[in-house]
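Asks: Need the 3D shape of this:
(one chain, ligands or ions: 1)
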Amino acid sequence: MIGTLDGKIPLGPLAEKWRTHRDHSRLVSPNNRRKFEIIMVGSGLAGGSAAATLGELGYRVKCFCYQDSPRRAHSIAAQGGINAAKNYQNDGDSVYRLFYDTIKGGDFRSREGNVYRLAEVSNLIIDQCVEQGVPFAREYGGLLANRSFGGAQVSRTFYARGQTGQQLLLGCYQSLCRQISAGTVQMFPQTEMLDVVLVDGQAKGIITRSLISGKIERQAGDAVVLATGGYGNVFFLSTNARGCNVTATYRAYKKGALFANPCFTQIHPTCIPQSGDYQSKLTLMSESLRNDGRVWVPKRKEDCQKPPNEIPESDRDYYLERKYPSYGNLAPRDIASRAAKEVCDEGRGVGPGGRGVYLDFADAIKRLGENTIRERYGNLFEIYHKITGEDAYKVPMRIYPAVHYTMGGLWVDYNLMSNVPGLHVIGEANFSDHGANRLGASALMQGLADGYFILPYTLPNYLAGQMGKRPSIDHPEFDKVETDVRARVKKILEVDGKRSLDSIHRELGALLWDKCGMARNANGLREALGKIPELREEFWSRGHGVRVPGTGEDFNQALERAGRVADFLEFAELMCLDALERDESCGGHFREEHQTPEGEALRDDENFATVFAWEYQGNGQSASPKLHRESLHFETVHLTQRSYK
Ligand SMILES: Cc1cc2nc3c(=O)[nH]c(=O)nc-3n(C[C@H](O)[C@H](O)[C@H](O)COP(=O)(O)OP(=O)(O)OC[C@H]3O[C@@H](n4cnc5c(N)ncnc54)[C@H](O)[C@@H]3O)c2cc1C
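Replies: Predicted structure coming up:
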């Protein structure tokens, strides 16, 4: 069905590819744009920016989200910052350096062409957001300020205290509102997409369910864009908003879209440790804190119970500074997370259960004063205080790695189009730019690059050949998909079981964390592949499985969530299969069988310098998904053992 997997990277020198591509892409004339209807699923930074920009260009956009307002998309949670190669600090940054850091940070598992384009447009994003009035932090003299994030030796992260996502989203939301008021964008809040409709093999519509009334509806369009975020919540506990899920991308996968690198998940080193079995959410302490905070554990196990301020300097192990002297506390996330796990596994962890390491600001406070630290990170210290009751100005924070971001997603080509014509995927929902490990502050950059500056050029390339091809919602394909959606909702309600949704989801999450989390091995993955179908069977078992009270005809959050957990229960299997097949370590995918003598990830470039893209064939072993590969070609960078020493 798919043939060769072609990323459609334009030919020519790296720095020319995007300009040349734009110069030769097809256009839709201004008078014709209003004849096209675009379905945008998602209104976070990726979907919101794309909807606003396409509306401004004159297309008609229907934008869907499950929150009550686009302003509540998960993007609002982003704290630390957004990268751009402005080189305002005059510290040697450049487009090339941002490109290189991103490719290396992703452990050489992303496409050069995409990543170079991302670095190139990063500077436009900052200009755009400043024009919108986003209140980025500034130096005394008025220039925009920068701070450092992991995996870089320059300061290129633009920020608005610890609320960068919120401020960027407000800027984006203003632009979206302008288009809503102009009538180019129609907003459908609290409306969940439950399936995509293909007509003659092209994405031409979706089926939605109103989360207020339960009404199931059809929406036809000339193209469908998924901007539906990441799937970290498959682990149950993560730093993601509770609503984040895989449903939109997974249902598209079941309609033929390839799912790329699903096992590439990012575990963030700087989160508040879990405090109990019934916790439903983990909280990030932004990576920006590692600009000034120093990470350490006691050198001796016996000291772990002592109050930290009573442990003298000589008895502390600043293990990141020791192991990675060049990058120190700003080692990339995958590396810093594994290092934390290692010291905790050695019995040197601190806090309840020994699952924590210290992030200490004492030196920075001595050097810069408490006020400066408060100005930089005040709201983060406040969050920490509210959750733990501890004052991090006085005692070190305790942190531990937690699931945070998913590099995997639907496979897209250079035009951000999946293998299903007309189905485009942007932001965290696609797999495109971060390889096996995303660098901090690069997700906001990618989401806004996709939405403001890439999709508005590449979508017309598809639309130009689609004039007059939008089907009616009476097309038989809509009948068929709507019937399936209704049947699924009914089936969930008919289970009428005994187990709570959370207990099943928590069990799935614990299994994944254990077998497909920070470290994986073939035996563990096989074990998980055996247990996931059993858990799924239990979920669906009539009279015994999941208990979903209420009906499908009104507001029913249990039903909403049950549909998402049902998808996680299938998707988890794909993740483990992907992790098993990728018989190497790279970035966040750490296969214990493949490590260097120092315990770092050991890649196998000869066999695995490829994207894994899975094609749905039906559930169960008899029809396991089919693997397609896209080879990654490196023309500019040399593949090396990644080193931050
Ligand atoms: C705590 C935290 C802090 C972070 N801090 C940073 C940072 O400082 N810098 C950085 O670069 N990155 C950061 N990230 C990552 C970054 O925030 C996300 O990757 C990014 O915001 C994702 O944007 P998005 O638009 O792709 O998706 P989202 O913001 O998740 O938006 C998804 C949208 O899709 C909609 N949706 C989903 N499914 C459906 C469906 N089935 N039907 C209808 N609508 C649907 C939702 O309603 C929502 O509107 C952070 C992440 C977390 C968890």
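
Asks: C-alpha only now, for contacts and for neighbours.
Replies: Will do.

Asks: now whatever residue of the stretch 301-450 of the chain ends up closest to the ligand, what's its secondary structure?
Replies: Here the residue of the stretch 301-450 of the chain nearest the ligand is Ala441; by Cα to the nearest ligand atom that distance is 3.2 Å. Per DSSP: H, G, I helix; E, B strand; the rest coil, the local secondary structure of Ala441 is coil.

Asks: Pull the contacting residues for it.
Replies: Gly80, Gly81, Ile82, Asn83, Phe149, Thr157 (Cα atoms under 8 Å, 6 or more residues apart in numbering).

Asks: quick check, nearest of these to the ligand?
Replies: Gly80 (3.3 Å).

Asks: Surely that closest one touches Tyr159?
Replies: Yes. Using Cα atoms under 8 Å, Gly80 is in contact with Tyr159, at 6.3 Å.

Asks: tell me which residues of stretch 296-304 are tucked away?
Replies: Neighbour-count burial for stretch 296-304 flags Trp296, Val297, Pro298, Lys299, Lys301, Asp303, Cys304 (criterion: 16 or more other Cα atoms under 10 Å).

Asks: Ok, stretch 167-184 next?
Replies: Under the neighbour-count criterion of 16+ other Cα under 10 Å, stretch 167-184 has 167-177, 179-180, 184 buried.

Asks: could I have that stretch exported to CSV, CA atoms only?
Replies: Taking C-alpha atoms only, stretch 167-184 is exported to CSV below (Å, rounded to 0.1, in the frame of the first residue of the first chain):
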residue,chain,number,x,y,z
GLN,A,167,2.2,33.9,27.3
LEU,A,168,2.8,32.4,23.8
LEU,A,169,-0.6,30.8,23.9
LEU,A,170,-2.2,34.1,24.8
GLY,A,171,-0.5,35.7,21.9
CYS,A,172,-1.7,33.0,19.6
TYR,A,173,-5.2,33.1,21.1
GLN,A,174,-5.5,36.8,20.3
SER,A,175,-4.7,36.1,16.6
LEU,A,176,-7.1,33.2,16.7
CYS,A,177,-9.9,35.4,18.2
ARG,A,178,-9.3,38.0,15.5
GLN,A,179,-10.0,35.4,12.9
ILE,A,180,-13.0,34.0,14.8
SER,A,181,-14.4,37.6,14.8
ALA,A,182,-13.6,38.0,11.1
GLY,A,183,-15.5,34.8,10.4
THR,A,184,-12.6,32.9,8.9
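
Asks: wait, isn't Ile311 in contact with Asp303?
Replies: Yes. Using Cα under 8 Å, Ile311 is in contact with Asp303, at 7.4 Å.

Asks: just the helices in the stretch 451-600 of the chain please.
Replies: 455-463, 476-495, 501-516, 522-540, 557-581 (DSSP state H, counting those that start in this stretch).

Asks: Identify whichever of the ones you listed lies nearest to Arg111.
Replies: Arg111 lies closest to helix 455-463 among these, at 17.4 Å (Cα to Cα).

Asks: Contact partners for Ile267?
Replies: Contacts of Ile267 (Cα under 8 Å, 6+ apart): Arg333, Asp334, Ser337, Pro401, Ala402, Val403, His404, Tyr405, Gly517, Met518, Gly588.

Asks: again, 10 Å this time
Replies: Residues near Ile267 by Cα atoms under 10 Å, 6 or more residues apart in numbering: 232, 238-239, 333-338, 400-406, 437, 517-518, 588-589.
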